[in-house]
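Colleague: Following is a predicted model, sequence given first.
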Amino acid sequence: ILIPFYYLGNYLNKNKVENLARLEMVLSDENMEKAQDVVYKKTSINLFNAWDLFFKKFNDICEKRISVTNKKHKFLILNMEFPKFIESLSPFVILILGASLVYKGLFTLGTLLMFLQYSKMIYTPITSIANLIANANSRLSSFERIREFLNYKNKEENYLKLFKEQEDFLKIKNVSILNE
């Protein structure tokens, strides 16, 4: 009777968890791009005076990513805890139904204990499988990213074509370099 609830718990929110995991990855990439803009593209020559600029670019994406991560974890916890709840609930349901059948004389205590053991034998592996499926659903976007990375082929075979000399050089005058 309770096994369909496993299906509902795991597959009802499957797409939501997958979509949130993908969005989380996209926002992580944007986070990294904003940090690289400041550090590598030298948005500011004096980085110590540019923290306000850095945080302005960085905090919006960080807050969105944290919000998406929290939503994803809420759905993931729901998907993982719901089967555990059903696993804990099943012996009580069996005890209530079995106690009424023992009281009516249709069951013996031994039969009731046997059904309790059977429920534990059924629900424990199903709960483990449901948890594995919930974890796998939340990791699908990571698996796709790894697959894309492993199958990536650079279209440009001649790498020297990628680097060309610049005609206009950057000239810097009256510069002092400070260090410790």
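Modeller: It's in. Numbers count the residues shown, from 1 in each chain.

Colleague: Next, the buried residues of the strand or helix carrying residue 27.
Modeller: Counting by DSSP states H and E, the element that carries residue 27 is helix 14-39. By neighbour count with 16 or more other C-beta atoms under 10 Å, helix 14-39 contains the buried residues 14, 16-18, 20-25, 27, 30-31, 34, 38. Bear in mind the C-beta positions are built from the backbone N, C-alpha and C, glycine included.

Colleague: Stretch 116-123 too?
Modeller: Of the residues in stretch 116-123, those buried (16+ other C-beta under 10 Å) are 119, 123.

Colleague: Report the mean per-residue pLDDT for that stretch.
Modeller: Per-region confidence: stretch 116-123 scores 85 on mean pLDDT.

Colleague: oh, and call the first residue 45 from now on, that's how I've got it
Modeller: Sure, I'll start numbering at 45, so the last one becomes stretch 160-167.

Colleague: Please state the offset of that stretch from the chain centre?
Modeller: Offset of stretch 160-167 from its chain centre (C-alpha atoms, centre = their mean, to the nearest Å): 31 Å.

Colleague: ditto for stretch 168-184
Modeller: Relative to its chain's centre, stretch 168-184 lies at 13 Å (C-alpha atoms, centre = their mean).

Colleague: follow-up on the earlier one: what's the helix holding residue 71 packed up against?
Modeller: helix 95-148, helix 153-194 (3 or more C-beta pairs under 8 Å, 6 or more residues apart in numbering; DSSP states H and E).

Colleague: wait, what's in contact with residue 149?
Modeller: For residue 149, the contact set (C-beta atoms under 8 Å, 6 or more residues apart in numbering) is empty.

Colleague: Quick check: it vs residue 155, distance?
Modeller: The spacing between residue 149 and residue 155, counted by C-beta to C-beta, to the nearest Å, is 12 Å.

Colleague: Also residue 162?
Modeller: Shown here: residue 162 relative to residue 155, a distance of 10 Å by C-beta to C-beta.

Colleague: Which one of the helices and strands packed on helix 58-83 lies nearest to residue 223?
Modeller: Residue 223 lies closest to helix 95-148 among the helices and strands packed on helix 58-83, at 20.0 Å (C-beta to C-beta).

Colleague: helices or strands next to the closest one in the packing?
Modeller: When contacts are defined as 3+ C-beta pairs under 8 Å, 6+ apart, helix 95-148 packs onto helix 47-55, helix 58-83, helix 153-194.

Colleague: tilt between that helix and helix 153-194?
Modeller: 160 degrees (axes from the mean of the first three to the mean of the last three C-alpha atoms, to 10 degrees).

Colleague: before we move on, back to that, need the worst-confidence member of the buried residues of helix 58-83.
Modeller: On pLDDT alone, residue 82 ranks lowest of the buried residues of helix 58-83, at 64.

Colleague: Quick check: residue 58 touching residue 182?
Modeller: No. Between residue 58 and residue 182 there is no contact under C-beta atoms under 8 Å: 9.5 Å.
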